[in-house]
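A.B. asks: Show me how the following folds:
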Amino acid sequence: MQRVAAGELPETLRIAGTGATVAFGKRDAVAPGWAAAVSAARAAGFEPTVRLAGGRAAVFHEGTMEIGHAVPDAEPRAGIHARFRNTAERLARALVRLGVDARVGEVEREYCPGRYSVNARGAVKLAGIGQRVIGGGSHTGVVLVVDGERRVNDVLAPVYDALGLDWDPAATGSVTAEAPDASWDAVRDALVAEYARDYEVEEAMVDPETLSLARELAGEHRVT
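C.D. replies: Prediction:
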């Protein structure tokens, strides 16, 4: 986001696998149960982090996909809702390609609830979306549960209990639970195909300068 906003990189879509982390929102970090929630995450094998955007605690693990879209924009606040909507709709269309009855909208009592969540059948949450804006650009980020919804629930149960958050584990889903043949690579390819409808997509790797900056910024998100 920072490098795109500064004009050092073009508009960029990043799709990546993830490690195991509970990504807490800033509201979580000031909640009475914060220390207990952090301990619960670590006890379950998840490293706690604090993210820049989004609502309440969400889960990344080896079966989830991170999708990040960094956009240069002189007036990024004006397009917040359009970016949320476009991202959610693209993701839903990509999952429909794979046989998922994917829809945009919040599921009752889902974890980390959001208006632009992507769900299956109107019953289970598959993905959450957050957004951050700075001078010169924006970043829209997605965490999609490709596989392993049970692992999401196993760590969220003690974390949400510590934070005093109401949710229903039955509202947590995954892509493979809806479409068993949908591999991680197939999800990625379907998503890229949807972005290619609106953009000229050129494949690239994250450059060394961006990785170096990421290492410098990582400390801002670690929980000590």
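
A.B. asks: Next, the buried residues of the longest helix seen in the chain.
C.D. replies: What stands out as the longest helix in the chain, according to DSSP state H, is helix 80-97. Judged by neighbour count (16 or more other C-beta atoms under 10 Å), helix 80-97 contains these buried residues: Arg83, Phe84, Thr87, Ala88, Glu89, Arg90, Leu91, Ala92, Arg93, Ala94, Leu95, Arg97. From N, CA and C alone the C-beta is placed, and that goes for glycine too.

A.B. asks: lowest confidence element among the helices and strands of this protein?
C.D. replies: When the helices and strands of the chain are scored by mean pLDDT, DSSP states H and E, helix 26-29 comes last with a mean of 93.

A.B. asks: Could you tell me which other helices and strands that helix packs against?
C.D. replies: strand 47-50 (3 or more C-beta pairs under 8 Å, 6 or more residues apart in numbering; DSSP states H and E).

A.B. asks: returning to what we had before: can you tell me what sits against the longest helix of the chain?
C.D. replies: With contacts defined as C-beta atoms under 8 Å, 6 or more residues apart in numbering, helix 80-97 is touched by 67, 69, 71, 102-104, 115-118, 120, 126-127, 129, 131, 133, 138, 140, 142, 144, 175, 178-179, 182, 187, 190-191, 193-195.

A.B. asks: Dump that helix to CSV, keeping only the CA atoms.
C.D. replies: What follows is helix 80-97, C-alpha atoms only, in CSV (Å, rounded to 0.1, in the frame of the first residue of the first chain):
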residue,chain,number,x,y,z
ILE,A,80,-14.2,3.0,0.0
HIS,A,81,-17.6,1.4,-0.5
ALA,A,82,-17.1,0.7,-4.2
ARG,A,83,-13.8,-1.1,-3.5
PHE,A,84,-15.5,-3.2,-0.8
ARG,A,85,-18.3,-4.1,-3.1
ASN,A,86,-16.1,-4.8,-6.1
THR,A,87,-13.8,-7.0,-4.2
ALA,A,88,-16.6,-9.0,-2.6
GLU,A,89,-18.4,-9.5,-5.9
ARG,A,90,-15.2,-10.6,-7.7
LEU,A,91,-14.5,-13.1,-5.0
ALA,A,92,-18.0,-14.4,-5.1
ARG,A,93,-17.9,-14.8,-8.9
ALA,A,94,-14.6,-16.7,-8.7
LEU,A,95,-16.1,-19.1,-6.2
VAL,A,96,-19.2,-19.6,-8.3
ARG,A,97,-16.8,-20.7,-11.1
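
A.B. asks: The spatially most distant residue from the centre of the chain and Ala23, how far apart?
C.D. replies: Using C-alpha atoms, centre = their mean, the residue of the chain lying farthest from its centre is Pro32. It sits 24.9 Å away. According to C-beta to C-beta, to the nearest Å, Pro32 stands 20 Å off from Ala23.

A.B. asks: for Trp184, same thing?
C.D. replies: Note on Trp184: its distance to Ala23, by C-beta to C-beta, is 19 Å.

A.B. asks: about what we covered before: type out the PyMOL command that picks the buried ones from the contacts of helix 80-97.
C.D. replies: Command for PyMOL that selects the buried part of the contacts of helix 80-97, burial taken from 16+ other C-beta under 10 Å:
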select buried, resi 67+69+71+102+103+104+116+117+118+120+126+127+129+131+133+138+140+142+144+175+178+179+182+187+190+191+194+195
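
A.B. asks: Inside helices: which ones of the contacts of helix 80-97?
C.D. replies: Members of those lying in helices (criterion: DSSP H): Val175, Glu178, Val187, Ala190, Leu191, Ala193, Glu194, Tyr195.
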